[in-house]
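K.L.:
Give me the fold of what follows.
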Amino acid sequence: METLSGLIDLVRAFFRRSALLFKILGVLVLALLLQIPVAFIDGLLRERTHRRDAAVREITDTWGRAQQIAGPVLVVPYRTRVSEIRERLVNGRLVQTTEERLVEKNAVFLPESLAVTGDIAPAIRRRGIYEAVVYTTRLQLSGRFDPPDLKSLNLAADDLLWDRAWIAFGLSDLRGAQSALALDWNGVAIPFEPGSRDPLLPSGLHAPLPPLAAGVAPGAFTLDLVLNGSGRLDFIPLARQTDVKLSSDWADPGFSGAFLPAARDIGPDGFDAVWSVPYYAHEYGRHWSADIGRPSSDALGRSAFGVELVRPVDAYRTVERSSKYALLFIALIFTAFFLFEVLAALRLSALHYLLVGAALVLFYLALLALSEVIAFDLAYLAAALASSLLVTGYSASILRGGRRSLIIAAALALIYGTLWVILQLQDYSLLAGTAVLFAVLAMVMFTTRNLDWNRHSS
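P.N.:
Residues are numbered from 1 along each chain as shown. Modelled structure (predicted):
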């Protein structure tokens with residue numbers, strides 16, 4: 001019995017000496033357990049994001065999707081002879097013969113110049129609580145075709161069927177066209193018909209041209225275009241020299257693609273942008289045939305450039321970014337409560353920590369719910385106030401002092417203010433977050449520099 005009693009005393013002494021260590025481990029475990037409801041909120045966030053995306057697709061499917069414009073280009077059929085090897089049985093033996101036949105292919109000639117000017121009128125369309133950025137753009141396209149260079153394509157003028165030439169024009173979403181389109185060709189209006197009749201422009205229009213004389217410059221063209229679209233407006237520079245000038249009253253444009261504007265002017269009233277793209281800046285030449293110089297559709301896509309109507313704040317993306325700091329901020333508040341335990345000789349239970357952590361987690365749920373119906377700035381302020389008041393009011397009771405609860409309130413204000421700054425910085429959020437961690441660690445080290453941890457653990 002004496003041996004057993006001594007063993008029990010040793011165990012009790014070990015737990016008394018290690019009480020502080022077990023307390024720290026317990027607080028860490030609670031902070032980690034609170035990541036489970038944070039993960040559920042992340043799952044809810046993904047669900048709401050998918051629902052938003054579905055609502056946006058419904059809006060853009062009926063209004064018009066992101067538009068990509070390619071062309072116009074001149075397509076001229078030509079005849080060429082091809083050799084084919086055929087096998088046939090002659091007197092019981094398999095004999096190979098070479099036969100020639102006449103086939104028809106297409107040659108594509110890009111315009112010498114293409115100038116595009118237009119304005120983009122943005123609008124917000126809603127489906128329930130969800131919004132989509134759409135636009136109506138009015139574009140004027142003008143340019144000219146010079147006499148084509150046939151030698152580089154190994155073609156003769158007589159090979160081309162000039163009387164069957166057409167203009168192909170690529171347009172990614174034909175449903176966005178607001179009226180019947182017609183090409184002004186040397187002063188003659190030619191209506192467009194559905195389909196580009198060229199595999200490199202899978203979605204588009206074509207305009208059959210009047211018979212052209214072989215070797216004569218095809219001429220000049222103009223085209224007025226009114227389009228509905230959403231999100232983006234892109235151009236593929238299919239000309240020797242492509243110049244695009246756009247203006248809009250949207251104050252947050254995003255310029256992207258293979259070429260950035262040569263000049264831009266962005267202000268609170270909108271933007272003006274000018275692109276100037278020479279043909280040698282992209283991967284394909286001024287003309288091609290079915291056999292020579294034909295680019296891939298990927299090469300055309302890589303040369304696209306344009307503008308996106310960016311939403312200033314994507315609430316779902318910002319909520320997702322903020323939730324990544326949940327463990328850090330829970331740990332910071334738990335550290336503050338733990339220091340009060342040690343420095344003020346208080347005893348807090350696991351339930352106290354758990355309830356405080358739950359109030360901190362509810363901030364992210366409130367932020368998600370509120371940001372769907374009001375501006376994100378107001379949603380953030382309301383969610384932070386709700387969480388802070390809940391924790392501060394509870395702290396006034398469990399910490400046994402109004403002054404201590406005010407310290408917690410100040411810590412919460414600092415935490416939520418810091419998170420707000422980090423969310424606004426975006427590119428420098430990692431740097432700002434690292435600086436905050438160093439500052440917090442320095443504060444904890446300074447506060448506990450004279451603390452006798454051995455005395456508190458015994």
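K.L.:
So residue 357 is in contact with residue 329, correct?
P.N.:
No. Applying Cβ atoms under 8 Å, one finds residue 357 not in contact with residue 329, separated by 10.1 Å. (Glycine included, C-beta is placed from N, CA and C.)
K.L.:
Of the two, give the one with the bigger neighbour count.
P.N.:
Neighbours were counted for residue 357 and for residue 329 using other Cβ atoms under 10 Å; residue 357 has more, 25 against 20.
K.L.:
part of a helix, is the more buried one?
P.N.:
Yes. Counting by DSSP: H, G, I helix; E, B strand; the rest coil, residue 357 is found in a helix.
K.L.:
gap between it and residue 394?
P.N.:
Per Cβ to Cβ, to the nearest Å, residue 357 is found 11 Å from residue 394.
K.L.:
Repeat that for residue 188.
P.N.:
Taking Cβ to Cβ, one finds residue 188 at 80 Å from residue 394.
K.L.:
and what of residue 446?
P.N.:
Residue 446 is 27 Å from residue 394, by Cβ to Cβ.
K.L.:
Of these two, which one has the most company?
P.N.:
residue 394 (16 against 9).
K.L.:
ok, that one touching residue 356?
P.N.:
Yes. Counting by Cβ under 8 Å, residue 394 does reach residue 356; the two are 6.6 Å apart.
K.L.:
show me the contacts for the residue lying closest to residue 179 once chain neighbours are set aside.
P.N.:
Among residues not flanking residue 179 along the chain, residue 226 sits closest, at 6.1 Å (Cβ to Cβ, 6 or more residues apart in numbering). Shown in contact with residue 226 (Cβ atoms under 8 Å, 6 or more residues apart in numbering): 136-139, 177-179.
K.L.:
What strand or helix carries residue 226?
P.N.:
In this structure, residue 226 sits in strand 219-230 according to DSSP states H and E.
K.L.:
how many other residues sit next to residue 28?
P.N.:
12.
K.L.:
in stretch 311-321, what's buried?
P.N.:
Across stretch 311-321, burial judged by 16 or more other Cβ atoms under 10 Å covers 315-316, 318-320.
K.L.:
Check stretch 47-66 too.
P.N.:
48-49, 52, 55-56, 59-60, 63-66.
K.L.:
Ok, stretch 250-269 next?
P.N.:
250, 253, 255, 257-259, 261.
K.L.:
For it, which outside residues touch it?
P.N.:
120, 122, 135, 234, 237, 249, 270-277, 281-282, 302-312.
K.L.:
Tell me how far that stretch lies from the chain's centre.
P.N.:
Distance, stretch centre to chain centre, for stretch 250-269: 16 Å (Cα atoms, centre = their mean, to the nearest Å).
K.L.:
Any idea what residue 118 is bridged to?
P.N.:
residue 139, residue 246 (DSSP bridges).
K.L.:
which stretch of helix or strand covers residue 143?
P.N.:
Element membership of residue 143, judged by DSSP H and E, is strand 130-145.
K.L.:
could you say what helices and strands that strand packs with?
P.N.:
For strand 130-145, the packing partners by 3 or more Cβ pairs under 8 Å, 6 or more residues apart in numbering; DSSP states H and E come out as helix 35-63, strand 67-90, strand 113-127, strand 219-230.
K.L.:
In CSV, list the C-alpha atoms belonging to stretch 103-119.
P.N.:
Taking Å, rounded to 0.1, in the frame of the first residue of the first chain, the C-alpha atoms of stretch 103-119 are listed here in CSV:
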residue,chain,number,x,y,z
VAL,A,103,-9.7,19.5,-105.3
GLU,A,104,-10.9,22.7,-103.9
LYS,A,105,-9.4,24.4,-100.9
ASN,A,106,-9.5,27.9,-99.3
ALA,A,107,-6.9,30.7,-99.1
VAL,A,108,-7.3,33.3,-96.4
PHE,A,109,-6.0,36.9,-96.8
LEU,A,110,-5.8,39.3,-93.9
PRO,A,111,-6.7,43.0,-94.3
GLU,A,112,-3.9,45.5,-94.7
SER,A,113,-5.4,47.6,-91.9
LEU,A,114,-8.2,47.3,-89.4
ALA,A,115,-9.3,50.2,-87.2
VAL,A,116,-11.9,49.6,-84.4
THR,A,117,-13.5,52.3,-82.4
GLY,A,118,-16.3,51.9,-79.9
ASP,A,119,-17.7,52.5,-76.5
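K.L.:
in it, what's buried?
P.N.:
In stretch 103-119, counting by 16+ other Cβ under 10 Å, buried: 106-116, 118-119.
K.L.:
Run the chain-centre distance for it.
P.N.:
Distance of stretch 103-119 from its chain centroid, counting by Cα atoms, centre = their mean, is 30 Å.
K.L.:
Then stretch 309-327?
P.N.:
13 Å.
K.L.:
Mind checking the pLDDT average for that stretch?
P.N.:
In this model, stretch 309-327 carries a mean pLDDT of 81.
K.L.:
what's in contact with that stretch?
P.N.:
If you take Cβ under 8 Å, 6+ apart as the criterion, stretch 309-327 is touched by 31-32, 34-35, 38, 41-42, 45, 48-49, 52, 120, 122, 133, 135, 231-232, 248, 250, 252-254, 360-361, 364, 367-368, 371-372, 376, 379, 419, 422-423, 429, 433.
K.L.:
Distance across it, terminal residue to terminal residue?
P.N.:
34 Å (Cα to Cα, to the nearest Å).
K.L.:
The residue lying closest to residue 136 once chain neighbours are set aside: how many residues sit nearby?
P.N.:
Distances taken as Cβ to Cβ, 6+ apart place residue 121 nearest to residue 136, at 4.9 Å, with adjacent residues excluded. When neighbours are defined as other Cβ under 10 Å, residue 121 has 12 of them.
K.L.:
Repeat that for residue 372.
P.N.:
Neighbourhood size, residue 372 [other Cβ under 10 Å]: 18.
K.L.:
Quick check: buried residues in the strand or helix carrying residue 403?
P.N.:
Using DSSP H and E, residue 403 sits within helix 402-425. Neighbour-count burial for helix 402-425, counted by 16+ other Cβ under 10 Å, picks out 404-405, 407-409, 411-412, 415-416, 418-419, 422-423.
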